[in-house]
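Peer 1: I'd like to go over a predicted model; first the sequence, then the structure.
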Amino acid sequence: MSSRVASWLAWSVCAVSLVLIAGSMVFLVLNGGTVQDWIFVGGMVSTAIVGGLVASRRPGNPVGWFFVVSAASLALQALTSEYAQYGLITDPGSVPAARALAWPQTWLWVPGIVLLLIFLPLYFPNGRLLSRHWRWVVWLAVVLCVLAAVNTALLKKEADVNTSIANPLAIEVPASAFSLFETMLEGLLTAVAVVSAMSLVVRFLRSRGVERQQMKWLAYAAALMPVLIILGYLTPFVDLVTELVFAVIPVAVSVAVLRYRLYDIDVIINRTLVYGSLTALLALVYFGGVAMTQTVFGALTTGREDLPQLAIVVSTLVIAALFNPLRRRIQAFIDRRFYRRKYDAAKTLEAFSATLRDETDLERLGEDLVGVVTETMQPSHVSVLMCPDPEPRDNKKKRADIRESGHEE
């Protein structure tokens with residue numbers, strides 16, 4: 001497949017997915033969808049756009065196609081689900097074929113989820129498996145995906161658990177046999193997903209250079225997700241934060257695969273560690289300061305209505321005074337702990353700068369320069385070339401004396 005054809009196909013599937021998502025949004029409004037439904041829509045939009053971008057730029061890498069196909073599958077599932085709910089529950093009989101369209105939603109979610117949870121970790125970031133020994137995971141995932149789709153499409157009685165819409169093509173099977181089969185299937189899929197995630201850990205430990213930077217982007221997004229989820233429950237902007245969680249992984253994968261500003265991840269991780277720790281410490285100082293100030297002033301005075309405002313003012317002033325000192329200390333600690341080589345190099349350069357201001361011996365200065373370059377950059381060979389003065393110092397002095405004497409005359 002040529003690059004032009006691949007790009008056309010990727011953006012075409014992306015466009016179809018966005019149209020399907022728009023249709024599902026219409027019925028979502030009519031059905032009075034929940035916040036979780038709208039968050040899911042935001043995740044589908046992000047997945048579709050990222051998939052189209054990555055697949056069109058890197059057609060030989062299956063990672064982009066995983067996103068594209070997953071978005072199309074989930075978008076079609078969302079549209080048929082909302083359509084069936086509208087035609088069978090919200091406004092019964094208002095749209096045709098509502099009962100028939102209740103069936104595709106039963107199984108379309110399976111490939112959409114499996115591609116992202118199992119296949120994406122196996123092939124990220126270069127589009128190749130770690131080795132041929134991991135092929136059994138791929139084939140087992142394919143088999144389990146087919147069995148899961150068949151299970152939900154033909155054996156499950158309910159097309160949608162939340163709305164209790166019946167599956168129009170469900171086959172009657174003993175409840176005990178269906179429950180046993182579904183439990184075994186879920187256990188195997190979970191095990192394969194865990195093995196797939198472990199492949200990311202193995203790849204990260206083996207990676208070097210550019211691939212290590214690519215793995216850092218995904219690792220950063222994965223580590224950020226639980227933090228964002230917890231933050232969402234602690235803030236009034238829980239819906240917005242939760243929606244950001246679903247957008248983090250696709251964006252991180254697209255940056256890693258396309259290698260756009262790849263090495264910025266080190267700066268992002270550093271700033272996240274510094275300002276995340278700083279925010280947590282200042283929050284503790286703030287709330288602790290408010291409580292302590294209220295306790296102290298409350299013991300000294302009684303009946304004062306302005307104590308809460310006074311406590312807030314005092315705590316705010318303490319935080320303003322502690323901000324820069326704490327930030328510098330946290331930055332130094334993180335640099336020593338996680339960026340030791342860069343921290344040592346920076347300290348070496350600072351020491352050399354101080355020496356440079358006082359050193360007058362060029363030969364000694366050249367030796368110090370060679371030592372600093374060797375220690376910080378570790379090159380295979382270092383040499384310093386010093387150009388000789390084209391005019392001896394004595395001649396310069398004589399010419400200066402002649403100019404001065406001529407000026408005096």
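Peer 2: Yep, that arrived.
Peer 1: Now the residue nearest to residue 319 when sequence neighbours are not counted: which helix or strand?
Peer 2: With sequence-adjacent residues excluded and distances taken as Cβ to Cβ, 6 or more residues apart in numbering, residue 319 is closest to residue 282, at 5.3 Å. (Each C-beta comes from the backbone N, C-alpha and C, glycine too.) Residue 282 is part of helix 264-300, with elements assigned from DSSP states H and E.
Peer 1: Make sure residue 33 is indeed in a helix.
Peer 2: No. The assignment for residue 33 is coil, going by DSSP: H, G, I helix; E, B strand; the rest coil, so no helix is present there.
Peer 1: OK, contacts around the closest residue to residue 188 other than its chain neighbours?
Peer 2: Distances taken as Cβ to Cβ, 6+ apart put residue 144 closest to residue 188, at 5.6 Å, once the chain neighbours are dropped. Residue 144 makes contact with 114, 185, 188-189, 192, according to Cβ atoms under 8 Å, 6 or more residues apart in numbering.
Peer 1: for residue 261, helix, strand, or coil?
Peer 2: Taking three-state DSSP, the label given to residue 261 is coil.
Peer 1: Let me know how buried the residue nearest to residue 319 is, in neighbour terms.
Peer 2: 20 (other Cβ atoms under 10 Å).
Peer 1: Distance check, it against residue 320.
Peer 2: Distance from residue 282 to residue 320, counting by Cβ to Cβ, to the nearest Å: 10 Å.
Peer 1: so can I have CSV of the contacts of residue 144 showing secondary structure?
Peer 2: Below are these laid out as CSV (three-state DSSP):
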residue, secondary structure
114, helix
185, helix
188, helix
189, helix
192, helix
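Peer 1: which of those lies closest to residue 271?
Peer 2: Comparing those against residue 271 with Cβ to Cβ places residue 114 closest, at 35.0 Å.
Peer 1: Can you tell me the closest non-neighbouring residue to the closest one?
Peer 2: Per Cβ to Cβ, 6+ apart, closest to residue 114 is residue 145, 4.6 Å.
Peer 1: so that neighbour touches residue 113, yeah?
Peer 2: No. Using Cβ atoms under 8 Å, residue 145 is not in contact with residue 113; the gap is 9.2 Å.
Peer 1: Looking at these two, which has the bigger crowd around it?
Peer 2: Remark: of residue 145 and residue 113, residue 145 carries more neighbours, 20 against 17, as counted by other Cβ under 10 Å.
Peer 1: Go through the helix or strand where residue 11 lies and flag the buried ones.
Peer 2: In this assignment (DSSP H and E), residue 11 forms part of helix 3-30. Residues 6-7, 9-11, 13-14, 16-18, 20-21, 23-25, 27-28 are the ones in helix 3-30 that count as buried (16 or more other Cβ atoms under 10 Å).
Peer 1: for the closest residue to residue 277 other than its chain neighbours, what are its contacts?
Peer 2: With sequence-adjacent residues excluded and distances taken as Cβ to Cβ, 6+ apart, residue 277 is closest to residue 330, at 5.2 Å. Counting by Cβ under 8 Å, 6+ apart, residue 330 makes contact with 274, 277-278, 281.
Peer 1: ok, the closest residue in space to residue 262 that isn't next to it in sequence - how many residues close by?
Peer 2: Excluding its sequence neighbours, the residue lying closest to residue 262 (Cβ to Cβ, 6+ apart) is residue 213, at 4.8 Å. Residue 213: 19 surrounding residues under other Cβ under 10 Å.
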